[in-house]
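Asks: Pasting the sequence and the predicted model now:
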Amino acid sequence: MMIPTIAIKRGAIEIIDQRALPGEYRIVAMRSVAELCDAITTLAIRGAPALGVAAAFGLLLAVEERWGADGEYFFDEDGERAASFAGRAGMDEIRAVLDGARDSIAATRPTAVNLFWALGRMAACYQARYESAEDLLRALHREAVSIHREDRAMSRRLGENGASLLKDRDSVLTHCNAGGLATSGFGTALGVVYAAVESGKRICVYAGETRPLLQGARLTAWECIQRKIPVTVITDGMAAHVMSNGLVSCVIVGADRIAANGDTANKIGTLNLAIIAKRYGVPFYVAAPSSTIDFSIRSGAGIAIEERSADEVKRFAGMPVAPEQAQAMNPAFDVTPAELISAIITEHGVHYPPFNGVWSASAGGSA
Ligand code: MRU
């Protein structure tokens, strides 16, 4: 089952509104770059690989928004209609609009490198030389669709690679949501679980609730239920308890950015899990596509960590949960040092430490 996390349909970007889950399953359409940026910053769409696809589609949206007309569109998922575009704008004008959209999308969230990776790919595409505006748009559409398609194939392969690490009746603790909702449909950390289940293994999941926005309780548990995988939600503070009692076979988490040495930024609270896992001898795996590895950053110290509004911590569902006068911190991610990571699972295989050098070749980058 692929979750239709994101698609481009008749000139709009359609997403599952992840803010509303699990209470309501609703698809929303975005018709402007500003709407897309709002959806990204408010986490209607989230998760590193899904943000990469959203960014790529966002550049198609910029063209639609500027030159589309009522009842007429240039792009959909299956094909582009760039021919009808002929004569509406010159290539320089198109590139200027795309540059503007790229800057707006790049300013939404700083940590997930996939967003910048996808924007970089799209920019290389529209900055190349073309005979005509029509050719440029065709190439742009093809690149965005490729990014989407590759993401789906990547998570399938990654899942199959990671499934070999799981045994029948294992229980996996995961954090935040690194499932179909965080990608174009299959997932990374949860993709490993799904692939193991598809191969006949009985796996159960512990979903850490993931304060303050509860992606684990709301989204991971929802996905597991859709797939009929037994899931137990725990509050973040219970992780040491369940690991010390031998209830967890391994921890598998996703990643927002992995430095060249393997240090990994992921949802706040991941570092706690890695420390606890080390203490109790539980393997700690990171599952992420190679597009999440940032070879330009040597170690986790160079990763920008998004700081979100203190209100997300001080209020819950509109109700105050801390005195108004109290300060609150809200870093959205933390960095787990490579020394706490047992292996990193990518679409290329399972990479064991040390992560510098050897793994970069197999993961497709250069350290
Ligand atoms: O703030 P979010 O919900 O976008 O954070 C998401 C995570 O931390 C995920 O674990 C990560 O992006 C990997 S998703 C396959």
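Replies: On my side now, so go ahead. Numbers count the residues shown, from 1 in each chain.
Asks: Burial check on E324, number of neighbours?
Replies: Look at E324: counted by other C-beta atoms under 10 Å, it has 7 neighbours. Placement of C-beta: from N, CA and C, glycine included.
Asks: got a list of what the residue in the stretch 201-350 of the chain that the ligand sits nearest to touches?
Replies: Using C-beta to the nearest ligand atom, G254 is the residue of the stretch 201-350 of the chain that sits closest to the ligand, at 2.7 Å. Neighbour list for G254: 47-48, 176-178, 182, 188-189, 266-267, 286-288 [criterion: C-beta atoms under 8 Å, 6 or more residues apart in numbering].
Asks: Just the buried ones from the residues you listed, in ChimeraX syntax?
Replies: A single ChimeraX command selects the buried members of the contacts of G254 (16 or more other C-beta atoms under 10 Å):
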select :47,48,176,177,178,182,188,189,266,267,286,287,288
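Asks: Now intersect the contacts of G254 with the strands, please.
Replies: 266-267, 286-287 (DSSP state E).
Asks: Widest-spaced pair of these?
Replies: Largest separation among the ones in strands among the contacts of G254 by C-beta to C-beta: K267 and A287, giving 13.3 Å.
Asks: Overlap in contacts, the two.
Replies: Contact with both K267 and A287 is made by residues 253-254, according to C-beta under 8 Å, 6+ apart.
Asks: Just the buried positions in stretch 224-232, please.
Replies: Those would be 224, 227, 229, 231, for stretch 224-232 by 16+ other C-beta under 10 Å.
Asks: Looking at those, which is nearest A207?
Replies: A207 has its nearest neighbour among the buried residues of stretch 224-232 in V231, at 5.6 Å by C-beta to C-beta.
Asks: give me the beta-bridge partners of that closest one?
Replies: With DSSP bridges as the criterion, V231 is bridged to V205.
Asks: Distance check, it against S171.
Replies: Going from V231 to S171 by C-beta to C-beta, to the nearest Å gives 10 Å.
Asks: So for these two, which residues contact both of them?
Replies: Common neighbours of V231 and S171, using C-beta under 8 Å, 6+ apart, are 204-206.
Asks: By neighbour count, which of those residues wins?
Replies: V205 leads the shared contacts of V231 and S171 on contacts (other C-beta under 10 Å) with 26 neighbours.
Asks: before we move on, back to that, now for the buried residues of stretch 224-232: which two are most distant?
Replies: Farthest pair in the buried residues of stretch 224-232 (C-beta to C-beta) is R227 and V231. Separation: 9.3 Å.
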